[in-house]
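Q: kindly generate the corresponding structure for this input.
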Amino acid sequence: MRFPHFWHRRTPDETGDELATSHAWQDSGLAAEVEAFLAGRMVDHLVAHHQPVPAWAVINRLAHSDRPQLVCLVEGVSADPFLSHPSAQPRWEASERFVAGHLLATTGSPDDLWRLQRATLVPLELRLIERTKVEHISAEQVLEAGVEALDGFRPGR
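A: Numbering: from 1, shown residues only. This is a model prediction of the structure:
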């Protein structure tokens with residue numbers, strides 16, 4: 001028995017299409033977006049690419065930044081001079097700084113910070129990504145959920 005779909009021989013003009021589609025992802029910006037997500041720079045990435053910032057993204061920096069990055073956030077220091085301009089600051093920036101300060105105060109070491117982020121903020125971030133697909137949620141609500149998650153964290157549970 002032959003299955004025509006699996007035994008289809010390509011014509012000469014079809015062979016070039018495979019090469020074009022195999023490189024298409026490199027030009028799509030997907031790798032840069034994934035890198036920004038995992039590094040806690042999703043908001044900066046979206047702003048730089050003139051894309052709307054979904055509410056869940058405000059927890060991204062808190063869920064993935066290391067201690068020195070969070071200290072800079074609390075102090076209002078930005079590596080990007082455009083983003084540090086007061087008119088470029090999002091309206092939820094003060095709340096984000098408060099949550100970052102709370103996160104730093106709750107953890108004593110980089111390992112404690114990492115454990116707390118992995119146990120509370122990363123799972124919260126993933127839940128909020130799904131939640132915002134079906135309902136509207138504000139950036140302030142996301143940050144409130146972050147504070148609740150931090151306050152409810154009990155090591156060893």
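Q: how many neighbouring residues does the nearest residue to Gln117 once chain neighbours are set aside have?
A: Nearest non-adjacent residue to Gln117, counting by CB to CB, 6 or more residues apart in numbering: Ala63, 5.5 Å away. To be clear about C-beta, it is placed using only N, CA and C from the backbone, and glycine gets the same treatment. Counted by other CB atoms under 10 Å, the residues lying close to Ala63 total 23.
Q: now Ala63: how far from Asp27?
A: 28 Å (CB to CB, to the nearest Å).
Q: rewinding a little: secondary structure element holding the residue nearest to Gln117?
A: helix 60-64 (DSSP states H and E).
Q: contacting residues for Trp92?
A: 58, 139-140, 143 (CB atoms under 8 Å, 6 or more residues apart in numbering).
Q: if we look at the helix holding Ala63, which residues are touching it?
A: 37-43, 69-70, 73, 96, 99-100, 103, 117, 121-122, 124-125, 146.
Q: what packs against the helix or strand just after it?
A: Using DSSP H and E, the helix or strand that follows helix 60-64 in sequence is helix 67-75. On a contact count with 3 or more CB pairs under 8 Å, 6 or more residues apart in numbering; DSSP states H and E, helix 67-75 meets helix 60-64, helix 93-106, helix 110-116.
Q: avg pLDDT for the first one?
A: In other words, helix 60-64. Averaged across helix 60-64, the pLDDT comes to 95.
Q: now it, how far from the centre of its chain.
A: 7 Å (CA atoms, centre = their mean, to the nearest Å).
Q: could you list the buried residues of it?
A: 60-64 (16 or more other CB atoms under 10 Å).
Q: and if you look at the longest one?
A: The neighbour-count criterion (16+ other CB under 10 Å) identifies 93, 95-97, 99-100, 102-103 as the buried residues of helix 93-106.
Q: all helices for this protein, in order.
A: 12-28, 30-39, 42-48, 60-64, 67-75, 93-106, 110-116, 122-134, 139-151 (DSSP state H).
Q: how about the CA coordinates for the second one, as CSV?
A: The reference is to helix 30-39. Only the C-alpha atoms of helix 30-39 are listed here, as CSV (Å, rounded to 0.1, in the frame of the first residue of the first chain):
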residue,chain,number,x,y,z
LEU,A,30,11.2,34.9,17.9
ALA,A,31,14.7,34.1,19.4
ALA,A,32,15.1,37.7,20.6
GLU,A,33,11.6,37.7,22.1
VAL,A,34,12.3,34.4,23.9
GLU,A,35,15.6,35.7,25.2
ALA,A,36,13.9,38.9,26.4
PHE,A,37,11.3,36.8,28.2
LEU,A,38,13.8,34.6,30.0
ALA,A,39,16.0,37.5,31.0
